[in-house]
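Asker: test case, fold it:
(one chain, ligands or ions: 1)
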Amino acid sequence: MVEHEPEPKRFEPKVPVQLDPPKDDPISPEELAKCDGSDPSRPTLVAIKGVVFDVSRNAAYGASGQYRVFAGKDASRALASSSLKPEDCVPEWYDLPDKEKTVLDEWFTFFSKRYNIVGKVEGAKNT
Ligand code: HEM
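Answerer: Below is the predicted model of the structure:
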């Protein structure tokens with residue numbers, strides 16, 4: 001399988017994105033799980049290192065999108081290790097090799113240039 005990492009240079013979106021100021025609101029893992037694209041009354045959310053991004057505008061994370069496995073989860077481990085397996089869509093990334101930690105930080109940058117930060121996962125360890 002062709003694996004890929006975010007564009008290595010600047011991670012700038014092709015079309016400029018107007019972002020709101022980041023929010024620090026606590027979001028419980030239970031609420032996050034409900035925001036998986038299946039409930040039209042809720043936003044679609046993806047968390048990285050406990051920071052929650054609103055990815056609603058990208059159909060890739062929607063109910064039939066190619067990256068729906070990440071929706072409603074802190075998918076740090078999967079993003080770090082270029083995995084689409086549901087069992088890897090968990091927050092634990094601390095034990096990963098440095099190279100994968102770097103990939104995760106690059107994904108964090110990629111997401112932060114595209115999606116609004118709407119809160120933090122309650123109880124998340126994010127340093
Ligand atoms: C056959 C393998 C794959 C192909 C052909 C592929 C292709 C693509 C393409 C074309 C994009 C859009 C890039 C852009 O917007 O600039 C993308 C984005 C992305 N890919 Fe993949 N991908 C593959 C595998 C994976 C895997 C294994 C992961 C697991 C981490 C992954 C995670 C992502 C993520 C998170 C995005 C960003 C979506 C966004 O929010 O814009 N991809 N991929």
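Asker: so who does D74 touch?
Answerer: By C-beta atoms under 8 Å, 6 or more residues apart in numbering, the residues touching D74 are 29, 32, 47-50, 89-91, 121, 124. Quick note: C-beta positions are derived from backbone N, CA and C, even for glycine.
Asker: now these in a markdown table, with pLDDT, secondary structure and distance to F70?
Answerer: Putting the contacts of D74 into a markdown table (pLDDT from 0 to 100; DSSP: H, G, I helix; E, B strand; the rest coil; distance: C-beta to C-beta, whole Å) gives the following:
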| residue | pLDDT | secondary structure | distance to F70 |
| --- | --- | --- | --- |
| P29 | 97 | helix | 15 |
| L32 | 98 | helix | 11 |
| A47 | 98 | strand | 9 |
| I48 | 98 | strand | 9 |
| K49 | 98 | coil | 14 |
| G50 | 98 | coil | 15 |
| C89 | 98 | coil | 6 |
| V90 | 98 | coil | 11 |
| P91 | 97 | coil | 12 |
| V121 | 98 | strand | 14 |
| A124 | 87 | coil | 16 |
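Asker: the longest helix along the chain - what's its average pLDDT?
Answerer: Longest helix in the chain, counting residues (DSSP state H): helix 98-112. Averaging pLDDT along helix 98-112 yields 98.
Asker: quick revisit: in TSV: the contacts of D74, plus distance to the ligand and neighbour count.
Answerer: Converted to TSV, the contacts of D74 look like this (distance: C-beta to the nearest ligand atom, whole Å; neighbours: other C-beta atoms under 10 Å):
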residue	distance to the ligand	neighbour count
P29	20	15
L32	17	21
A47	13	27
I48	10	27
K49	14	20
G50	17	18
C89	10	20
V90	13	13
P91	15	20
V121	18	23
A124	19	19
